[in-house]
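Q: Prediction below, plus the sequence it came from.
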Amino acid sequence: MQQMLARSTRLGRLARSTTSGGQFELFLVASVASLLLIRFFLAWMGFPQVGRIKATAALLGGIGFGTFIDELGKFITSDNNYFFEPTVALIYIIFILLFLGLRAIRSPRFSPRDRLASALEESIDLLLSEPSAQRKAEILRLLEASDSQNPLAQALIAGLQQLPGHSQQGPGLFERLKGTFRQRSRRLVASPLFVKALVVLLVVNALLSGAVIILLVVVLNTLPTGYPISFIQVCPLAFSLLADLLIVVGVVWLPRSRLHAYHCFKGAMLVSIFFLQVFAFYGEQFAALGSLVFNLLVLSALNYMIAQQRLRQTAI
């Protein structure tokens, strides 16, 4: 055997895999597909336009951050445990903090200087891309809300008003699908039957949650004295009770003030999303995504219902 290996080494011939043809074919297809996807994505984003470059950078940065945060378990454990149980809950907490930071950044309290800088950047992007009447109107609104006496703002307004050849092309496929989905969702939420069904669903959920809380309290009372009860076991009960109480208060308010009732229901959803879901992800891992999606859908419906109720009260 050693003589055969030595002879093979002298000849410089390596053993060939019988499946190498299929593997190379897969490599070639994956290479071509990735190239085409990158080119298609850059063309769809309007590369190399300034605004599209920023959007592309944000997307790639989000993909990179998601890939990095997926490895969190390896960084916080001494044995590089990727499947460390609290990891999913910690990742969820990080995303909640990022969301709160995003809400702070997107605060509507922009200074005239901020609006002018944004209008200048959008104007450059507009000149480098296909002209759009909608984008031009948005930039003009920004300039009007900024310091209109600023010479730069006046020059931009004059230049935009003289910009010829604005495209009246309709929205793309994605925008049309999004608009159709939004329109049908709002029509559904505005239905009186939907409002009644949502209230019944929240009440049933509160009753079931209350029954579980009572059962758990009874079980805890039967435990021997000195039995260790952890923070993870007590906190979900407290937050569930708070959410249930908010739903009960909302039901009480419903005949007198729908707006107050909807705010109470919204508060219950926020307690579930920001607090209860943390413990759900800790115990159920990614199986808790179902309850998160449900809570987010209910919260979106409640936000729309609150906005519509405010409009009705303003019109009165």
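A: Cool, got the structure.
Q: can I assume Tyr82 sits in a helix?
A: No. Going by DSSP: H, G, I helix; E, B strand; the rest coil, the assignment for Tyr82 is coil, not a helix.
Q: Contacts made by stretch 265-278 with the rest, please.
A: Residues from elsewhere that reach stretch 265-278, judged by Cβ atoms under 8 Å, 6 or more residues apart in numbering: 89, 92-93, 96, 199, 202, 206, 235-236, 239-240, 242-244, 246-247, 250, 288, 291-292, 295-296, 298-299, 302-303, 306. For every residue, glycine as well, the C-beta is placed using N, CA and C.
Q: Mark which of the residues you listed are buried, thanks.
A: Neighbour-count burial (16 or more other Cβ atoms under 10 Å) applied to those gives 89, 92, 199, 202, 206, 236, 239-240, 243-244, 246-247, 250, 288, 291-292, 295, 298-299, 302, 306.
Q: Among the contacts of stretch 265-278, name the ones in strands.
A: Within those, no residue falls in strands by DSSP state E.
Q: From Gly159, how far out is Glu144?
A: Relative to Gly159, Glu144 is positioned 15 Å away (Cβ to Cβ, to the nearest Å).
Q: One more: Leu292?
A: 47 Å.
Q: Then Glu121?
A: Relative to Gly159, Glu121 is positioned 15 Å away (Cβ to Cβ).
Q: These two: who's more crowded?
A: Using other Cβ atoms under 10 Å as the criterion, Glu121 and Gly159 rank with Glu121 on top: 15 against 11.
Q: any idea which helix or strand carries that one?
A: helix 112-128 (DSSP states H and E).
Q: Need the contact partners of stretch 93-104.
A: Contacts for stretch 93-104 (Cβ under 8 Å, 6+ apart): Ile69, Phe274, Val278.
Q: Unless I misread the structure, the second one falls within a strand.
A: No. Assignment of Phe274 by three-state DSSP gives helix, placing it outside any strand.
Q: Let's see the pLDDT reported for it.
A: At Phe274, the model reports a pLDDT of 93.
Q: I'd like to know how many residues surround it.
A: Neighbours of Phe274 (other Cβ under 10 Å): 16.
Q: quick revisit: what mean pLDDT does the helix holding Glu121 have?
A: 74.
Q: From the contact counts, what lies against that helix?
A: helix 50-69, helix 133-145, helix 151-161 (3 or more Cβ pairs under 8 Å, 6 or more residues apart in numbering; DSSP states H and E).
Q: Also compute the angle for the shortest one relative to helix 133-145, please.
A: Here the directions of helix 151-161 and helix 133-145 differ by 160 degrees (axes from the mean of the first three to the mean of the last three Cα atoms, to 10 degrees).
Q: how about helix 151-161 as CSV, C-alpha atoms only?
A: Output in CSV follows, covering the C-alpha atoms of helix 151-161 (Å, rounded to 0.1, in the frame of the first residue of the first chain):
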residue,chain,number,x,y,z
PRO,A,151,-31.1,81.6,-0.8
LEU,A,152,-30.3,78.0,-1.3
ALA,A,153,-34.0,77.0,-0.7
GLN,A,154,-35.2,79.7,-3.1
ALA,A,155,-32.7,78.6,-5.8
LEU,A,156,-33.9,74.9,-5.4
ILE,A,157,-37.5,75.9,-5.6
ALA,A,158,-36.9,77.9,-8.7
GLY,A,159,-34.9,75.2,-10.3
LEU,A,160,-37.4,72.4,-9.5
GLN,A,161,-40.3,74.5,-10.9
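Q: what angle separates that helix from helix 112-128?
A: Using the same axes, to 10 degrees: helix 151-161 against helix 112-128 is 30 degrees.
Q: Quick check: the gap between the residue nearest to the spatial centre of the chain and Ile214.
A: By Cα atoms, centre = their mean, the chain has its centre lying nearest to Phe99, at 8.1 Å. Distance check for Phe99 against Ile214: by Cβ to Cβ, it reads 33 Å.
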